[in-house]
Each structure stands twice: as structure tokens, then as C-alpha cells.
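In: Next one to model:
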Amino acid sequence: PPLAFGWGGGVAVAELELAQRAGFRAAMASGNPRRLAEIEAKGMIPVDRRLFPDLDHDADRMAADAGFRQRYRQSERTFLKIVSELSGRRGAAVVIDNIGRPVHRATLRALGRQGVLTTVGWKHGMRLETVRANECIKRHIHVHTHACCFHDIEDILEFQERSGWMLEVGDQRVYRFDEIPELARDYATGQLDSYFPLFRVDEE
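Out: This next block holds a predicted model:
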């Protein structure tokens with residue numbers, strides 16, 4: 001089956017679940033052991049982000065810092081080898097990249113011929129650099145989208161209820177409305193394991 005690979009968080013997980021239903025082999029990267037276990041529990045292939053710790057592309061640092069350049073290239077080689085093995089050396093058919101600049105170069109190199117790069121996010125870097133000739137030769141397709149239209153919501157909700165494509169809350173903490181600053185701090189310090197942190201608004 002063609003490989004769909006995901007960078008990012010809960011949105012990427014949800015998109016990969018849809019890819020699985022369409023017959024793709026799904027894989028996703030994370031450096032968090034609990035999230036890796038969650039990815040595997042969903043029938044996806046967990047890829048340990050800690051195997052390529054220096055995959056954080058920065059053109060200026062690449063030019064100025066030989067040590068950084070060497071570490072980056074080693075991490076990129078490791079990542080590309082993993083994708084090659086998972087895809088039967090064809091490259092990823094689809095990469096969902098909701099991170100941006102740090103992984104953009106490696107993502108484009110991981111895509112197979114006529115592969116699709118799709119994103120709904122801009123977490124790191126509003127501006128990305130692309131060599132148009134390379135993308136044309138490889139016939140890559142870039143899809144940029146975000147959210148949904150208001151008139152689509154009814155169909156989406158109906159699909160979610162019919163198919164079970166729903167968020168599983170499990171035993172995760174649900175913050176009170178007045179605890180949102182704490183939620184933000186926990187997120188910033190990496191103390192949240194859930195892809196979808198939640199808070200509750202009580203009606204009075």
C-alpha cells in the first residue's frame with residue numbers, strides 16, 4: 001500500500017486515520033513515548049523522532065555552522081532511510097506536514113514521484129523555500145488548506161457519527177475555564193501527553 005506519513009499533532013493523526021480507511025499504510029513521527037504508543041494503538045507505524053534529533057533545517061545555520069550542517073545531514077539521512085524502508089523504496093505517497101520549516105526540506109526529499117505534500121498549519125515558518133524545478137521534475141503536488149466551510153459542517157458531523165471518526169478523550173484531564181493559564185503553561189513545558197488538550201465551560 002502507498003505510504004502516508006505525518007508530522008504534527010492531533011490533526012495529522014485524524015488525517016492519517018482517514019488515509020488508513022482509504023487503504024494507505026500510515027506512519028507518524030513523535031518523540032513522546034506515550035504518543036508513540038497511541039499511534040501504534042491506532043494501527044499506524046510509530047516513528048521515533050528521537051532517532052533523528054537534529055532534523056531542524058535552518059538555511060543560515062547550515063551555511064555558517066559546519067557542525068550543525070553535519071548533524072542535520074546525518075539526521076536527514078536517517079529519516080529518509082526510514083521512509084524508504086516503510087515505502088518499499090518508493091518514497092511517501094502523501095506527507096502531512098503541519099510543522100513547517102524545520103522538516104520542509106526533508107519532507108520534500110521523502111516524497112515519492114507524484115507525491116502529495118499537504119498542510120493545514122504554519123507552526124514554524126510562514127515562508128518556506130522550494131526549488132520549483134525539483135518539484136516539477138518529481139511532479140509533486142502541494143495542497144494548502146485550512147478548516148472547513150460553514151456549509152460543510154453538517155455533512156462532517158454526520159460522517160463522524162456514522163463512521164466513528166471521533167476524538168477519544170479517555171482519562172485525560174479536562175481543565176476548568178479558569179485553569180486555562182495552567183493548561184497553557186503545561187503545553188509550553190511539554191507536560192501534556194494528549195494531542196487535544198481540553199477545557200470545560202460551565203453554563204450558569
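In: In this structure, what helix or strand scores lowest on average pLDDT?
Out: helix 59-64 (a mean of 89; mean pLDDT, DSSP states H and E).
In: Could I have the CA atoms of it written out in PDB?
Out: C-alpha atoms of helix 59-64 as PDB (Å, rounded to 0.1, in the frame of the first residue of the first chain):
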ATOM      1  CA  ALA A  59      19.500  27.700   5.900                       C
ATOM      2  CA  ASP A  60      21.500  30.300   7.700                       C
ATOM      3  CA  ARG A  61      22.900  27.900  10.200                       C
ATOM      4  CA  MET A  62      23.600  25.300   7.500                       C
ATOM      5  CA  ALA A  63      25.800  27.900   5.700                       C
ATOM      6  CA  ALA A  64      27.600  29.200   8.800                       C
END
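In: roughly how far out does it sit from the chain middle?
Out: 25 Å (C-alpha atoms, centre = their mean, to the nearest Å).
In: Tell me the helices and strands packed up against the longest helix along the chain.
Out: Ordering each helix of the chain by length in residues (DSSP state H) puts helix 66-86 first. Under the contact definition 3 or more C-beta pairs under 8 Å, 6 or more residues apart in numbering; DSSP states H and E, helix 66-86 sits against strand 3-7, strand 45-48, helix 59-64, helix 101-110. C-beta: built from backbone N, CA, C; applies to glycine.
In: contacting residues for the residue lying closest to Val13 once chain neighbours are set aside?
Out: Closest residue to Val13 in three dimensions, ignoring its sequence neighbours and counting by C-beta to C-beta, 6 or more residues apart in numbering: Tyr195, at 5.9 Å. For Tyr195, the contact set (C-beta atoms under 8 Å, 6 or more residues apart in numbering) comprises 9-10, 13, 35, 38.
In: again, only this time at 6 Å
Out: Tyr195 makes contact with 9-10, 13, according to C-beta atoms under 6 Å, 6 or more residues apart in numbering.
In: what's the answer for Val143, then?
Out: Thr118.
In: helix/strand/coil for it?
Out: Assigned by DSSP: H, G, I helix; E, B strand; the rest coil, the conformation of Val143 is strand.
In: so it bridges to which residues?
Out: Judged by DSSP bridges, the bridge partners of Val143 are Thr118.
In: how close does it get to Ala110?
Out: Using C-beta to C-beta, to the nearest Å, we find Val143 at a distance of 16 Å from Ala110.
In: do Ile45 as well
Out: Distance, Ile45 to Ala110, using C-beta to C-beta: 14 Å.
In: what's the answer for Glu40, then?
Out: 21 Å.
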